[in-house]
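In: Generate a structure from the sequence data that follows.
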Amino acid sequence: MREMSPKSVFDHYLNISRLLAGQLDFHSVIQSVAAEISHVIPHDHLDVCIIMVDEQFHTAYESGMETDWGRRFPAPVSNSPIRTLLWGESDFLLTDDAWSDPQFHFQGAFSHPIFHQSLHSRLHVPLKVQGRVIGALSCSSHKIGFYDMKDIENARVIADLLSPHFFAIRAADQAKRSAIVEAEARAREEGLRLGALKLTEALEAERQRIGMDLHDQILADLTRLSRRLERLARQPDVTGEALEPLFRGLQHSMQDLRQIIEEAKPSVLQLFGFAQAVENHLERSIQESAASLTWSLNDETAGAIDCLEQPVSIALFRISQEAINNAIRHAQASNVQVQLKAIESTVIIEIMDDGVGLGNARKPSGGGIENMRTRARLISARFVIKPASASGGTLVSVTLPAKAPSATGVVS
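Out: Numbers count the residues shown, from 1 in each chain. All right, here's what the predicted structure looks like:
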């Protein structure tokens, strides 16, 4: 019979409390208090198992003798020899000989360390926080019949000392893992964003190359062909009526090519700035559509919008182009208003029309809205499209944060 004075036991409890201070991980806690616990509850094997936050798995932390309980983790709670304790179905477990005790042996039980390490007498008490089981304290001896209910009572006091500390460590570990997962997710998202920007940079470069090729080669050839047709039209044996359809079709083709070139390389944007490029696009789009509508453009950015990096500026211009095209071609608008603002280094672009609204447009804009949303996302801008007022119309708003990430590619 092992006898200790109440004062001696209390001193060991006090030492355990002192040793817990400053320990920041499970292993260090177990190693620091194992000796003091052994004075109160002698043991050949000591471990603490902690239920993970998902409550489906648990991990084991051992002192002294190492077993597969500590090596193989996390492990399912359902396979633990002390699962009834971890599930809150038992208030404690005590056995004189775990080799023959059926409560430790069931189908699927991970109990072979009991035999491999000759663990006979065993006791287990739960670690609880606010009445909820978060794990268990376990002591084992090579001797049969070594523990009794007095050891259970002492183990409960030790468990009460350990539980809050282990709960705090588990919460810190969970927060750390969550932070790592979130950081990895953000890194992947940023990698995808930068990859998309690099890809669109190549696409924009290819668009510009195609635009220059069209201008330097195809458009030049068509111009020469047009002049030859003009000369042929003056010949006495060639009637103008015969050449007129061909000449008109050629003129239309040249006009379409010029439009492709302009869209492939927004030279007005690069030469004269954002506001002038948007104004130029407004005037040309209205003229080509033969629509009868008014427009206004108000630039309150004081030049801030022209200080943006070229990839960001091009992305904003493409979004503005699409919004203007939708207003003129599909919304049956009579007025289009463009507002350019800079508030505390945040650039805001608003394009508003008084048309029929998104749901009543004459024909859908295809992937235009999704393209605008994607362009905004690639430069970390906030994109909103909504009714302009209760009576109808559409408002497209793009807000570029003050600390927008530096773009390394061009948004096509």
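
In: how about the helices in the stretch 151-300 of the chain?
Out: 219-233, 240-264, 267-272, 274-289 (DSSP state H, counting those that start in this stretch).

In: From the chain's centre, how far out is the first one? Work that out for me.
Out: Yep, that's helix 219-233 we're talking about. Distance of helix 219-233 from the chain centroid (CA atoms, centre = their mean, to the nearest Å) equals 56 Å.

In: Which secondary structure elements does it sit against?
Out: Counting contacts by 3 or more CB pairs under 8 Å, 6 or more residues apart in numbering; DSSP states H and E, helix 219-233 is packed against helix 240-264. Bear in mind the C-beta positions are built from the backbone N, C-alpha and C, glycine included.

In: How many neighbouring residues does the nearest residue to Gln23 once chain neighbours are set aside have?
Out: Distances taken as CB to CB, 6 or more residues apart in numbering put Val29 closest to Gln23, at 4.5 Å, once the chain neighbours are dropped. For Val29, the number of neighbouring residues by other CB atoms under 10 Å comes to 20.

In: Doesn't Val29 belong to a helix?
Out: Yes. Counting by DSSP: H, G, I helix; E, B strand; the rest coil, Val29 is found in a helix.

In: What pLDDT is listed against it?
Out: Val29 is assigned a predicted lDDT (pLDDT) of 83.

In: for the one 5 residues further on, same thing?
Out: Predicted confidence (pLDDT) at Ala34: the value is 87.

In: tell me which element it falls in.
Out: Assigned by DSSP states H and E, Ala34 belongs to helix 26-40.

In: Let me know the next secondary structure element after that helix.
Out: strand 45-51.

In: So which elements touch whatever helix or strand comes next after that following strand?
Out: Downstream of strand 45-51, the first helix or strand assigned by DSSP H and E is strand 57-64. Identification of packing neighbours for strand 57-64 by 3+ CB pairs under 8 Å, 6+ apart yields helix 26-40, strand 45-51, helix 68-71, strand 75-76.

In: tell me which residues of stretch 96-110 are tucked away?
Out: Within stretch 96-110, the residues scored as buried using 16 or more other CB atoms under 10 Å are 96-98, 101, 104, 109-110.

In: could you give the mean pLDDT of that stretch?
Out: Here the average pLDDT along stretch 96-110 is 92.

In: Can you check what angle separates the helix holding Ala34 from strand 45-51?
Out: If you take axes from the mean of the first three to the mean of the last three CA atoms, to 10 degrees, helix 26-40 sits at 130 degrees to strand 45-51.

In: Now do helix 26-40: everything it contacts.
Out: 4, 8-9, 12-13, 15-16, 19-20, 23, 43, 46-48, 50, 59, 61-64, 139, 154, 158, 162, 165-166, 169 (CB atoms under 8 Å, 6 or more residues apart in numbering).

In: same deal with stretch 392-405?
Out: By CB under 8 Å, 6+ apart, stretch 392-405 touches 190, 193, 308, 312, 316, 319, 323, 326-327, 331, 333, 344-358, 360, 372, 376, 379-388.

In: hang on, the earlier thing: just the buried members of the contacts of helix 26-40?
Out: 12-13, 15-16, 19-20, 23, 43, 46-48, 50, 59, 61-63, 139, 154, 158, 162, 165-166, 169.

In: For Asp47, which non-adjacent residue is closest in space?
Out: Glu62 (4.4 Å).

In: State whether Ala315 is indeed within a strand.
Out: No. According to three-state DSSP, Ala315 belongs to no strand; its state is helix.

In: my guess is it contacts Ala376, does it?
Out: Yes. At 7.4 Å, Ala315 counts as touching Ala376 under the criterion of CB atoms under 8 Å.

In: These two: which has the busier surroundings?
Out: Higher neighbour count among Ala315 and Ala376: Ala315, with 30 against 22, using other CB under 10 Å.

In: if I look at the more buried one, how far off is Leu269?
Out: 11 Å (CB to CB, to the nearest Å).

In: Kindly report the same for Arg72.
Out: Counting by CB to CB, the gap from Arg72 to Leu269 is 63 Å.

In: same thing with Ala327?
Out: 19 Å.

In: Looking at those two, which has the bigger crowd around it?
Out: Higher neighbour count among Ala327 and Leu269: Ala327, with 29 against 24, using other CB under 10 Å.

In: Who are the contact partners of the more buried one?
Out: 333, 336, 351, 353, 355, 394.

In: show me the contacts for the residue nearest to Asp47.
Out: Neighbours of Glu62 in contact, by CB under 8 Å, 6+ apart: 30, 45-47, 69-70.

In: which one among those gets closest to Lys176?
Out: Nearest to Lys176 among the contacts of Glu62: Ile30, at 19.2 Å, using CB to CB.

In: Does Asp91 touch Pro126 like I think?
Out: Yes. Using CB under 8 Å, Asp91 is in contact with Pro126, at 7.3 Å.

In: which element is Ile114 on?
Out: helix 112-116.

In: Which elements pack onto that helix?
Out: helix 68-71.

In: What average pLDDT does the helix it packs on get?
Out: On average, helix 68-71 scores 84.

In: Same question for it: list its buried residues.
Out: 69-70.

In: What residue spans form the domains of the protein?
Out: 6-183, 271-412 (automatic domain parsing).

In: Quick one: the ones you listed as TSV, columns for distance to Gln251 too.
Out: Converted to TSV, the domains of the chain look like this (distance: least, CB to CB, whole Å):
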stretch	distance to Gln251
domain 6-183	59
domain 271-412	14
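
In: Centroid-wise, who is the farthest residue in this structure?
Out: Pro236 (72.9 Å; CA atoms, centre = their mean).

In: Let me see the confidence value for it.
Out: Pro236 is given a pLDDT of 72.

In: May I have the phi/psi pair for it?
Out: Main-chain torsions, Pro236, degrees, to the nearest 10: phi -70, psi -30.

In: Give me the below-cutoff pLDDT ranges for the stretch 51-200 of the chain.
Out: 190, 192-200 (pLDDT under 70).

In: For it, just list every one of the strands.
Out: 57-64, 75-76, 93-95, 121-129, 132-141 (DSSP state E, counting those that start in this stretch).
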